[in-house]
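J.: this one's sequence-less:
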């Protein structure tokens, strides 16, 4: 299913990088070579932008309903080949086939939602303050969209970007994550097989500095949507902001799950484990800060440690989570954990790379729980993007809410309580883009807006109908009539 070499898709054709360079993609489960991908650079990005510009007039003139029907063909083919897509996702990420299949199903739901938007793509008709004048708005495409994605949920990330960009009438260049090149390539293959016009969707492989940066810097790219780190988001804002490109940034998180003294502790523990450790903690919405009332702290801590020690790490459907995506990420998070330990943190369980016979060749981090950490220590404020959670005791609701808000990030948060009063107060006052009651900090649905505050984003929201505001321009339209000529 995964070829030995992963090419670009530019202008409807598979092509290697102009320099004919390739980079290695390793299997995170065993460290072995999985495939090689085109190492694209500025010349390749320029070619993809020109292909998108050439395709834009015809695609933008295609009625939105017809665009939606073409996108629906992609969705149907994704459904027909769902198992194949999931196998590729599992191979590239090291997650289990079962988890990859679920992620693929979510991507299909997202695609179906946006394909159907072609039959809506609403403007607004309203009243005018002037006699014989009619006022309305219509949506129009921006132009070429540059889409840059992360590897943590690769097929979901592809769907979140390409479907809203294309349904609005833009043409697109998707800069695939260097850690999941085959997933993006395969969707490009499906798009061409079902008849998406050449140049409407272009897919460029390569590293961020060599392919992503030229895409962001290209003045012909009118809208940029990025999912990834806050550091890269700042760079995009600096580079593309001065030319007034439309920019959507979905960035990092350091998300809190609050456990009150009246919480169902078994349910809270279940959701901490799912939010902190599923997908190896590689979610911008994962739980990395667990805030626990003093009254139940020791009981809940011990319960959580007991359950965490029983988690199974591996790639089978019976395992709870797999490896992190690459060795660099693994080394980075273990270094931060070790620094925290030197500064007085207490490792309750885990804290290390797994080096036993079944794990030593891959990039596996033990599920890790830590306490004894101050709210502004390095480990409390940096996004590790791995299976690491920190426990904090607090005396009451007010202290829990204050600690949840005392963060440079503001993406998601959750509270576990039986009190409707606490639940609603927390949902109202927590400084995040998503608030959840009695579940995890992850699990947003494809028809709902997702995004954060502070360093978690720039205020944009994807997916949901709100994403249409990123990928389209609103134009006021006024029609004046002369009743005497009726």
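T.: Ah, there it is. Just so we're clear, the structure is a prediction, and the values are computed from it rather than from any experiment. Numbers count the residues shown, from 1 in each chain.
J.: all helices in the stretch 101-250 of the chain, in order from the N-terminus.
T.: Taking DSSP state H, counting those that start in this stretch to define them, one finds helices in the stretch 101-250 of the chain at 154-167, 181-193, 213-217, 230-240.
J.: State the distance from residue 151 to residue 95.
T.: Summarising the geometry, the distance separating residue 151 from residue 95, computed by CB to CB, to the nearest Å, is 11 Å. Using the backbone N, CA and C atoms, a C-beta is placed for each residue, glycine as well.
J.: neighbour count winner among the two?
T.: When residue 151 is set against residue 95 and neighbours are counted by other CB atoms under 10 Å, the residue ahead is residue 95, at 30 against 22.
J.: Would you enumerate the residues in contact with the residue nearest to residue 139 when sequence neighbours are not counted?
T.: If you skip the residues right next to it in sequence, residue 139 has residue 472 as its closest partner in space, 4.2 Å away by CB to CB, 6 or more residues apart in numbering. If you count contacts by CB atoms under 8 Å, 6 or more residues apart in numbering, residue 472 has them with 121, 139, 140, 141, 142, 168, 169.
J.: at 10 Å instead, please
T.: Under the criterion of CB atoms under 10 Å, 6 or more residues apart in numbering, the neighbours of residue 472 are 121, 123, 138-142, 164-165, 167-170, 223, 246.
J.: ditto for residue 365
T.: Contact criterion CB under 10 Å, 6+ apart gives 277, 280-281, 313, 321, 323-324, 329-330, 333-334, 337, 350-354, 359, 384, 386-388 as the residues in contact with residue 365.
J.: Tell me which entries of these lie within strands.
T.: In strands, judged by DSSP state E, the following of the contacts of residue 365 are found: residue 388.
J.: Of the contacts of residue 365, which count as buried by neighbour count?
T.: With burial judged by 16 or more other CB atoms under 10 Å, the buried subset of the contacts of residue 365 is 277, 280-281, 313, 321, 323-324, 329-330, 333-334, 337, 350-351, 353-354, 359, 384, 386-388.
J.: As a markdown table, the helices of the stretch 101-250 of the chain with mean pLDDT and distance to residue 51 would be great.
T.: Rendered in a markdown table, the data for the helices of the stretch 101-250 of the chain read as follows (pLDDT from 0 to 100; distance: least, CB to CB, whole Å):
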| stretch | mean pLDDT | distance to residue 51 |
| --- | --- | --- |
| helix 154-167 | 97 | 14 |
| helix 181-193 | 98 | 12 |
| helix 213-217 | 98 | 13 |
| helix 230-240 | 96 | 20 |
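J.: Mind putting those helices into TSV with distance to residue 100?
T.: Converted to TSV, these look like this (distance: least, CB to CB, whole Å):
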stretch	distance to residue 100
helix 154-167	8
helix 181-193	10
helix 213-217	27
helix 230-240	25
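J.: what about the residue nearest to residue 139, distance to residue 334?
T.: Here residue 472 is placed at a distance of 44 Å from residue 334 (CB to CB).
J.: ok, now residue 100?
T.: 25 Å.
J.: same question, residue 161
T.: When residue 161 is compared with residue 334 (using CB to CB), they lie 31 Å apart.
J.: same deal with residue 459?
T.: 34 Å.
J.: likewise residue 463?
T.: Applying CB to CB to residue 463 and residue 334 gives a distance of 34 Å.
J.: can you check residue 456 too?
T.: Taking CB to CB, one finds residue 456 at 24 Å from residue 334.
J.: before we move on, what about residue 462?
T.: Look at residue 462 and residue 334: by CB to CB, they are 32 Å apart.
J.: Need the contact partners of the strand or helix carrying residue 297.
T.: With elements delineated by DSSP states H and E, residue 297 resides in helix 294-309, which encompasses its position. By CB under 10 Å, 6+ apart, the list of residues contacting helix 294-309 from outside reads 259-263, 265-266, 268-270, 272-273, 276-277, 290-293, 320, 348-350, 366-369, 371, 387, 389, 391-396, 399, 416.
J.: What residues does the residue nearest to residue 121 when sequence neighbours are not counted make contact with?
T.: For residue 121, ignoring the flanking residues on the chain, the nearest one in space by CB to CB, 6+ apart is residue 64 at 4.7 Å. Taking CB under 10 Å, 6+ apart as the criterion, residue 64 is in contact with 117, 118, 119, 120, 121, 139, 141, 167, 168, 169.
J.: With residue 285 instead?
T.: In this structure, residue 285 makes contact with 253, 255, 275, 411-414, 432-434, 436, 440-444, 450, 452, 456, judged by CB under 10 Å, 6+ apart.
J.: if you set the cut-off to 7 Å instead, what comes out?
T.: Contacts for residue 285 (CB atoms under 7 Å, 6 or more residues apart in numbering) come out as 253, 255, 411, 412, 441, 442, 444.
J.: Those residues into JSON lines, with extra columns for distance to residue 111 and secondary structure?
T.: Formatted as JSON lines, the contacts of residue 285 follow (distance: CB to CB, whole Å; DSSP: H, G, I helix; E, B strand; the rest coil):
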{"residue": "253", "distance to residue 111": "25", "secondary structure": "coil"}
{"residue": "255", "distance to residue 111": "27", "secondary structure": "strand"}
{"residue": "411", "distance to residue 111": "24", "secondary structure": "coil"}
{"residue": "412", "distance to residue 111": "23", "secondary structure": "strand"}
{"residue": "441", "distance to residue 111": "25", "secondary structure": "coil"}
{"residue": "442", "distance to residue 111": "20", "secondary structure": "coil"}
{"residue": "444", "distance to residue 111": "16", "secondary structure": "coil"}
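J.: Selecting buried members of those in PyMOL, what would you type?
T.: Of those, the buried ones can be selected in PyMOL as follows, counting by 16+ other CB under 10 Å:
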select buried, resi 253+255+411+412+441+442+444
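J.: Just give me the closest of the contacts of residue 285 to residue 130.
T.: Compare each of the contacts of residue 285 with residue 130 using CB to CB and the shortest gap goes to residue 444, at 43.2 Å.
J.: What is the burial count for residue 360?
T.: For residue 360, the count of nearby residues is 12 (other CB under 10 Å).
J.: Could you number the chain from 41 rather than 1 from now on?
T.: Sure, I'll start counting at 41 from here, so that last one is residue 400.
J.: ok, for it, nearest residue in space, not its chain neighbours?
T.: For residue 400, the spatially nearest residue (CB to CB, 6+ apart) is residue 394, at 7.3 Å.
J.: Could you do residue 261 as well?
T.: Distances taken as CB to CB, 6+ apart put residue 186 closest to residue 261, at 4.3 Å, once the chain neighbours are dropped.
J.: Same question for residue 318.
T.: Beyond its immediate neighbours in the sequence, the residue positioned closest to residue 318 (CB to CB, 6+ apart) is residue 361, lying 5.7 Å away.
J.: And that neighbour, how close does it get to residue 134?
T.: As for residue 361, its distance to residue 134 is 9 Å (criterion: CB to CB).
J.: How about residue 43?
T.: When CB to CB is applied, the distance between residue 43 and residue 134 equals 19 Å.
J.: what about these two, which has more around it?
T.: residue 134 (23 against 14).
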